[in-house]
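[1] Compute the structure for the input listed below.
(2 chains)
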Amino acid sequence: MFDGITLGQYYQTDSPLHRLDPRVKLVGTMAYIIALFIVKGWVGYFLAFLFLATMIALSHVPLRFVVRGMKAILIILLITVAFNVFLTPGKVLWSFGVLKVTKEGLVFAARMAVRLIFLIIGSSVMTLTTTPNQLTDGLESLMGPLKKIHVPVHEISMMMSIALRFIPILMEETDKIMKAQMARGADFESKHLMQKIRSMVPLLVPLFISAFRRANDLAMAMEARCYHGGEGRTRMKPLIYKGRDIFGYGVVAAFFAACIVLRVVGL
Amino acid sequence: MSLKIDDITYVYEKGTAMSVNALDHISLEIPDGQFIGLVGHTGSGKSTFVQMLNGLLAPTTGHVYWNGQDVHEKGFDRRKLRASVGLVFQYPEHQLFEADVLSDVEFGPKNLGLSEAECKERAVEALRHVNLPEEFWDKSPFDLSGGQQRRAAIAGVLAMHPSILILDEPTAGLDPLGRDEILNMVRGMKEKLRITIVLVSHSMDDVAQYADRILVMNAGKIMMDDTPEKVFSRYKELEAIGLSAPQVVYIMQYLKERGLPVKTNILTVDEAVDEILAHRGELNV
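    Now for the predicted structure:
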């Protein structure tokens, strides 16, 4: 029933980008997104394109997986472009009733579209090459300084990883309960709204009970292993920067600096 | 009332690198009145196979016929089929949801569109068949013990009056006493209600004394389809696929190898005792 859904969108393979420390990828993605809004000229966008293309090539992820993320924002993209094309004041090129296409509008819309597309694809490359667990580990490590102001960083990231871990389990459970109720003649395909709502009860009650049971079991198992929060906790796979990670930061910094230079020069 | 499976295959994750042939060209017939044991190692395709029998899964290729009709033909009422071919999933107690046991058992009959009186009648009858005492009927299903919950859940399928009842690992997670209770209850239901039973298990000891036909599944294929005696006589092959014959079979084989002229096609401990006693004193060592 849920065959098509994969959580996150991690693509399993081995590539230089997969091996990179998740913190480098997180910081790199942030820097890339900011850089997209720094550059203004076409040379700058071309540089951003080159950077992205290199990253995709380095990730060894097939292109169709990379662009799949675009599907979700296609409509938003079209609406944004349409509004910008028609509603930006400036030198009129064509007019069609109240709709006016201006030169400024075209330029603005194109810039907007390029930014959005690069932004989505850029963050897709990160989620495609980093497992959800690595991501939460990276976030926890990057947010480490916040512990000084008593933000429960470890607890937040633990909750995030548990939630992520349980999504596929609960989906499988939903599928199982649905089938068990269908074997008792339940109808989940009814078109009537009222019936549809009522048919959810035999699904949701067992699902909630199962979620609570699993939460209980997990809490017990964690306590049995003396879990007591983040204080003094060590990791099985500690995040340690290696040479390639320093190099990665270097590349990101160089790209970021180049973008600022281009902005100042006005290209 | 018969179920015919004609050359079905089922492929998970078709077209991806993870594609798995869960079922591989299976053909067989399930006539009325049999007690069938379906045995196989974890991952052999048992659970996938039984979901084919009531139309919950559609085969990738091949057909399933109920009384000669293809169940995946357009217009075939699969909900009716699911009433006739009752499927009790693994850990069926996880499907309970109503406020009291009786209403939960009535869920199936209600989905068939029966009147309230009929639903209640069927629920009461089903609860009697699974030996759940009346004092539990208006309790919340979540206040029952694990074994009682399981029996209530089996009653929920039984109340639909299936002519074939499939039980997927009905003894999983029960202690030996609970296991025997469930298995004896299933046999009782077969005799009283004259329905066909398909008992899925990974344990030969579970099915040995009850089934009159055993299907052995391995890697999506039906490897053996025979009487228990014949299946167990091939215990070496069973071991090769991670199964084993019932323990008595091994004892009898061992005694025979050591020179005691006993029969080896014995399935229960009681039979074994009689056979060994009958040959008392014949062994000259």
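
[2] Stretch A:128-147: which residues count as buried?
    Within stretch A:128-147, the residues that qualify as buried are A:128-130, A:132-142, counting by 16 or more other C-beta atoms under 10 Å in any protein chain shown. Where you see a C-beta, it was placed from the backbone N, CA and C, and this is true even at glycine.

[3] Regarding B:F76, what is its secondary structure?
    Under the three-state scheme (DSSP: H, G, I helix; E, B strand; the rest coil), B:F76 adopts coil.

[4] who does the residue nearest to it when sequence neighbours are not counted bridge with?
    Among residues not flanking B:F76 along the chain, B:Q69 sits closest, at 6.1 Å (C-beta to C-beta, 6 or more residues apart in numbering or on different chains). Here B:Q69 sits in beta bridges with B:W66, as judged by DSSP bridges.

[5] is it true that A:P206 touches A:M178?
    No - the pair A:P206 / A:M178 is not scored as a contact, 9.8 Å apart, by C-beta atoms under 8 Å.

[6] which residues touch the residue of the stretch 101-250 of chain B at minimum distance from chain A?
    The minimum distance from the stretch 101-250 of chain B to chain A, using C-beta to the nearest C-beta, falls at B:N111 (3.1 Å). Neighbouring residues of B:N111 by C-beta atoms under 8 Å, 6 or more residues apart in numbering or on different chains: A:R184, A:G185, A:A186, A:D187, B:R79.

[7] Most neighbours of all those residues, which one?
    Neighbour counts for those, by other C-beta atoms under 10 Å in any protein chain shown, peak at A:R184, which reaches 28 neighbours.

[8] Leaving out sequence neighbours, find the closest residue to it.
    That would be B:G108: by C-beta to C-beta, 6+ apart, it lies 4.1 Å from A:R184.

[9] Could you confirm that neighbour falls within a helix?
    Yes - applying three-state DSSP, one finds B:G108 inside a helix.

[10] check contacts around it.
    B:G108 sits in contact with A:R184, A:G185, B:A83, B:G156, B:V157, B:A159, B:M160, where contact means C-beta under 8 Å, 6+ apart.

[11] Show me what counts as buried in the helix or strand where B:I5 lies.
    Using DSSP states H and E, B:I5 falls within strand B:3-12. Buried residues in strand B:3-12, counted by 16+ other C-beta under 10 Å: B:L3, B:K4, B:I5, B:I8, B:Y10, B:V11.

[12] Surely B:F107 and A:D187 touch.
    No - if you go by C-beta under 8 Å, B:F107 and A:D187 don't touch, sitting 11.8 Å apart.

[13] Any idea what the spatially most central residue of chain B is bridged to?
    The C-alpha lying nearest the average C-alpha coordinate of chain B belongs to B:L199 (C-alpha atoms, centre = their mean; 1.4 Å). Taking DSSP bridges as the rule, B:L199 bridges to B:G37, B:L167.

[14] measure it to B:L165 for me?
    9 Å (C-beta to C-beta, to the nearest Å).

[15] can you check A:A224 too?
    The spacing between A:A224 and B:L165, counted by C-beta to C-beta, is 40 Å.

[16] Done for today, thanks.
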